[in-house]
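**Student:** Coordinates only, no sequence provided:
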């Protein structure tokens, strides 16, 4: 999911002719942090989504809309499966210790909990 959102943000940023550095400044984050958002390496876009949308003059729906041919549930299931498969593959490839694998799962769970909390707050604010 982070990769898809990051690609969309990059697309809209490039369409507006704004550099990564310029948008990072508007968001009050470093360029490297912003670059991680576009590369799908973090879910911190959740904390900045409103400012991103305002800066790029797009709606949240533009950035968060389901991919064509997929429902929201299918996208989330696919993302979760891919994340789990990637973690398992990383363990196999890198011979990670069980402790490292547990850390990776805990990090992913925290990211998902942060996203849920964001959307709960957003829903409450829109009431």
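**Tutor:** Good, I have the coordinates. Because the structure is a prediction, the values reported are computed rather than measured.

**Student:** other SSEs contacting the longest helix anywhere in the chain?
**Tutor:** Ranked by number of residues, the top helix in the chain under DSSP state H is helix 98-125. If you count contacts as 3 or more Cβ pairs under 8 Å, 6 or more residues apart in numbering; DSSP states H and E, helix 98-125 packs onto helix 45-56, helix 72-94. (Glycine included, C-beta is placed from N, CA and C.)

**Student:** just checking, next helix/strand downstream of the helix or strand containing residue 13?
**Tutor:** In this assignment (DSSP states H and E), residue 13 forms part of helix 2-16. Counting by DSSP H and E, the element after helix 2-16 in chain order, helix or strand, is helix 20-27.

**Student:** Next, report how far that next one is displaced from the centre of its chain.
**Tutor:** Averaged C-alpha coordinates place helix 20-27 at 17 Å from its chain's average position (Cα atoms, centre = their mean, to the nearest Å).

**Student:** between that helix and helix 45-56, how many degrees?
**Tutor:** Per axes from the mean of the first three to the mean of the last three Cα atoms, to 10 degrees, the angle that helix 20-27 makes with helix 45-56 is 100 degrees.

**Student:** hmm, who's touching helix 20-27?
**Tutor:** 13, 30-31, 33-35, 38, 48, 51-52, 55-56 (Cβ atoms under 8 Å, 6 or more residues apart in numbering).

**Student:** Among these, which pair sits farthest apart?
**Tutor:** 30 and 56 (18.6 Å; Cβ to Cβ).

**Student:** Compare neighbour counts for those two and give me the winner.
**Tutor:** residue 56 (21 against 12; other Cβ atoms under 10 Å).

**Student:** Skipping its backbone neighbours, what lies nearest that one in space?
**Tutor:** residue 12 (4.4 Å; Cβ to Cβ, 6 or more residues apart in numbering).

**Student:** what about the one you found, distance to residue 106?
**Tutor:** 32 Å (Cβ to Cβ, to the nearest Å).

**Student:** and these two? which has more neighbours close in?
**Tutor:** residue 12 (19 against 10).

**Student:** Looking at that one now. What's its pLDDT?
**Tutor:** We have a pLDDT of 95 for residue 12.

**Student:** hmm, which of the contacts of helix 20-27 are the buried ones?
**Tutor:** 13, 34-35, 38, 48, 52, 55-56 (16 or more other Cβ atoms under 10 Å).
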